[in-house]
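**Student:** show me how the following folds:
(one chain, ligands or ions: 2)
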Amino acid sequence: MPHTFKLRPPLEQLKTDFYVGDSSSRQVDLILLGTIAEEGTKRNVWLDATDEHVVLIVGKRGSGKSYSMGVFLEGLGVSGGSKSRISQVRDSRGVVLFDTLGIFWSMIHPVESDGGPRHSEQWKNMQSMGLAPEPVRVNVWVPAGKKLPGDHESFKEFRIKVSDLTLDDWSSILDTDLVASQVGQLLSTCFVKVTQRGWQRGAVKVEPRLDYAIPDLLDCLDHDSEVQSRYASGTIDALHRRLGYYDGLRLMSSEGTPITDVVKKGVVAVVELPLSRVEEDLRDAIVSILLRKIMSARAEGSYAKKVLELQPRLSKEKQHELEDSIDRSLPRTWIALDEVHNFAPVSGRTAASRELVRMTKEGRNIGISIVMTTQQPSGLAQEILTQVDTLVVHQLTEYRDRHVAHENRKCPYPTEVKVDGKTLQDQEDLPAYLGLGEALVSCSEMTEDVPRAFLLRIRPRITAHAGYAG
Ligand SMILES: Nc1ncnc2c1ncn2[C@@H]1O[C@H](COP(=O)(O)OP(=O)(O)OP(=O)(O)O)[C@@H](O)[C@H]1O
Ligand SMILES: [Mg+2]
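**Tutor:** Ligands and ions are numbered 1, 2, ... in the order given. Here you go, the predicted model:
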């Protein structure tokens, strides 16, 4: 039996829907999250997404985190305009989801009444809340050369531009330490020679090039006189073999997929990165490159927009130049990461974690919002936890995780919590009682109407959810 929850102070005085996430309640962009799960009148809860957000969804395995993240994404990708029941987004955003478990591709399928047992269960849930399927714009991207037999014909392939890979990315891809390991040192030597200093092929100087390709690194390895004299042949062979492997991947190319092809206004781009398609180290580098590209394109667009808005008396020519720059850049964008502790663990840095930390710190300024999930808040980098403005806590059974969730709450908690009529002695325990799809939400931008953390029942999804043991 689900538990009943009575929280104080009551929210009863509020007669309308709930809007959270913007203290001045601008309500330009709204996403329906669900309904209040406390005793009293049932009210809809909307996230006011007018401004940027860093949302973290936590919960134990199977508590509904991925499903809930899908709720945010559907809200950003529906094309129903003012007729939509789940979203009112006037300023459409780009959305990029890094799908490490390979479960979000199913968002291309709207829930159907006769789509099989999984669909009919979702269909019933959807109808019980008076929702109906709405078209959600979703593009699924898979690494080039990694299509699987079951893939839908609409799936697109993406490629990475080799010269976008930094030395750190290579260190992460090859899982080698640039200081402590011989192979790492050799990699560093070759990379710097090829991209910055140039190198020596016998008597001939080879000029450096930023727009390098893997064969350039291989060439330097095989022919540079300093490399040949300083490093053992076993070390050179080991690096040669590993670089040669990546040179053979279709994913690695001299052009790469333009980021503007992936990030489109009002479209959810699902980047499929499960281990069945890409090794863990390479996945990390892919995430790191894409985050970097999104941030730099957004920074350019956001700067041009601010100059246009804030600098009076610009010449017509300058205005056109800035407008072009905005067109070439990306729309404001939401980034979604499932199981984010894999990218930004509490200790140990990866190529992706550095970008991710930077994005959570600087994203707001350049029009980037983030939604992430983790089953282990105690395992997530502290720098990220402190940047979160909206914390969605599903069921947590581990004391340590409940403690971290409590310590990181974003607004005052209720003064009293009753579960099934009994007062809870320690409010930290509340997440232990939550049922599937129920969450304790705290938000740093609360309005006067909703002055405390509250319980939310996540709304049913309108696209198929593939997050179950299959
Ligand atoms: N709000 C909800 N309403 C109805 N069913 C839900 C809801 N949330 C989750 N479910 C169902 O519960 C199961 C687990 O959900 P989900 O995959 O989101 O869990 P999770 O917390 O992400 O788990 P994991 O830690 O294994 O990734 C799925 O079958 C999903 O359909
Ligand atoms: Mg999940």
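**Student:** count of neighbours near the nearest residue to Ala432 once chain neighbours are set aside?
**Tutor:** Residue nearest to Ala432 in three dimensions, not counting chain neighbours: Thr397, with 5.9 Å by CB to CB, 6 or more residues apart in numbering. Where you see a C-beta, it was placed from the backbone N, CA and C, and this is true even at glycine. Applying other CB atoms under 10 Å, we find 12 residues neighbouring Thr397.
**Student:** shift numbering so it begins at 59
**Tutor:** Shifting the count to begin at 59 puts that one at Thr455.
**Student:** in this structure Thr455 contacts Asp487, no?
**Tutor:** No. At 10.4 Å, Thr455 does not count as touching Asp487 under the criterion of CB atoms under 8 Å.
**Student:** could I get the full set of helices for this structure?
**Tutor:** Applying DSSP state H to the chain gives helices spanning 123-135, 175-186, 225-231, 240-250, 272-281, 283-288, 291-305, 317-320, 338-368, 374-386, 409-420, 440-443, 457-465.
**Student:** point out the most buried one among the ones you listed.
**Tutor:** Neighbour counts (mean count of other CB atoms under 10 Å) averaged over each of the helices of the chain peak at helix 123-135, with a mean of 25.
**Student:** mean confidence score for it?
**Tutor:** The pLDDT scores in helix 123-135 average 97.
**Student:** what's the angle between that helix and helix 175-186?
**Tutor:** Angle, helix 123-135 to helix 175-186, by axes from the mean of the first three to the mean of the last three CA atoms, to 10 degrees: 60 degrees.
**Student:** for the residue nearest to Ala490, give its distance to ligand 1.
**Tutor:** 12 Å (CB to the nearest ligand atom, to the nearest Å).
**Student:** repeat that for Asp106.
**Tutor:** 21 Å.
**Student:** run a quick neighbour tally on that residue.
**Tutor:** Per other CB under 10 Å, the neighbour tally for Asp106 reads 23.
**Student:** which non-adjacent residue is nearest it?
**Tutor:** Nearest one to Asp106, counting by CB to CB, 6+ apart, is Asp80 at 3.8 Å.
**Student:** got a list of what the one you found touches?
**Tutor:** Counting by CB atoms under 8 Å, 6 or more residues apart in numbering, Asp80 touches Asp106, Thr108, Asp109, Glu503, Thr505.
**Student:** so who does the residue positioned nearest the centre of the chain touch?
**Tutor:** Of all residues in the chain, the one closest to the mean position by CA atoms, centre = their mean is Ala394, 2.2 Å from it. Neighbouring residues of Ala394 by CB under 8 Å, 6+ apart: Met127, Phe130, Leu131, Val153, Val154, Leu155, Phe156, Ile428, Val429, Met430.
**Student:** same question, Thr481
**Tutor:** Glu474, Val475.
**Student:** just the C-alphas of stretch 350-362, formatted as PDB.
**Tutor:** What follows is stretch 350-362, C-alpha atoms only, in PDB (Å, rounded to 0.1, in the frame of the first residue of the first chain):
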ATOM      1  CA  ARG A 350      33.100  21.600 -25.000                       C
ATOM      2  CA  LYS A 351      31.600  22.300 -28.500                       C
ATOM      3  CA  ILE A 352      28.200  23.100 -27.100                       C
ATOM      4  CA  MET A 353      29.700  25.400 -24.500                       C
ATOM      5  CA  SER A 354      31.900  27.300 -27.000                       C
ATOM      6  CA  ALA A 355      29.100  27.700 -29.600                       C
ATOM      7  CA  ARG A 356      26.700  28.800 -26.900                       C
ATOM      8  CA  ALA A 357      29.200  31.300 -25.400                       C
ATOM      9  CA  GLU A 358      29.600  32.900 -28.800                       C
ATOM     10  CA  GLY A 359      25.800  33.100 -29.500                       C
ATOM     11  CA  SER A 360      25.100  34.300 -26.000                       C
ATOM     12  CA  TYR A 361      27.700  37.100 -26.200                       C
ATOM     13  CA  ALA A 362      26.400  38.300 -29.600                       C
END
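**Student:** need the pLDDT of the residue nearest to Ala490.
**Tutor:** We note a pLDDT of 95 for Thr455 in this prediction.
**Student:** which one is Arg467 nearest to, not counting chain neighbours?
**Tutor:** Leaving aside its chain neighbours, Arg467 sits nearest to Ser500 (4.5 Å; criterion: CB to CB, 6+ apart).
**Student:** tell me how far the one you found lies from His464.
**Tutor:** Going from Ser500 to His464 by CB to CB, to the nearest Å gives 10 Å.
**Student:** okay but Trp181 is in contact with Val169, surely?
**Tutor:** Yes. With contact defined as CB under 8 Å, Trp181 and Val169 form a contacting pair (5.3 Å).
**Student:** flag every residue of the stretch 359-508 of the chain that's near ligand 1.
**Tutor:** Within the stretch 359-508 of the chain, the positions adjacent to ligand 1 are Gln433, Leu494, Gly495 by CB under 6 Å from any ligand atom.
**Student:** turn those residues into JSON lines, including pLDDT.
**Tutor:** JSON lines is the format used below for those (pLDDT from 0 to 100):
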{"residue": "Gln433", "pLDDT": "95"}
{"residue": "Leu494", "pLDDT": "96"}
{"residue": "Gly495", "pLDDT": "94"}
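**Student:** buried among the residues you listed? Need that as a selection in PyMOL.
**Tutor:** Here is the PyMOL selection string for the buried members of those, based on 16 or more other CB atoms under 10 Å:
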select buried, resi 433+495
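**Student:** let's see which of the residues of the stretch 359-508 of the chain next to ligand 1 end up in strands.
**Tutor:** Nothing among those maps onto strands, per DSSP state E.
**Student:** show me what residue of the stretch 159-308 of the chain gets nearest to ligand 1.
**Tutor:** Ligand 1 sits closest to Asn183 of the stretch 159-308 of the chain, with a gap of 5.5 Å, by CB to the nearest ligand atom.
**Student:** actually, the stretch 209-358 of the chain.
**Tutor:** Nearest residue of the stretch 209-358 of the chain to ligand 1 (CB to the nearest ligand atom) works out as Pro332 at 12.4 Å.
**Student:** distance of that residue from Leu275?
**Tutor:** 28 Å.
**Student:** likewise for Trp199?
**Tutor:** Separation of Trp199 from Leu275 (CB to CB) stands at 27 Å.
**Student:** quick check: phi and psi at the residue of the stretch 359-508 of the chain found nearest ligand 1.
**Tutor:** Residue nearest to ligand 1 within the stretch 359-508 of the chain: Gly495 (2.5 Å; CB to the nearest ligand atom). When quoted as degrees, to the nearest 10, the phi and psi of Gly495 stand at phi 80, psi 0.
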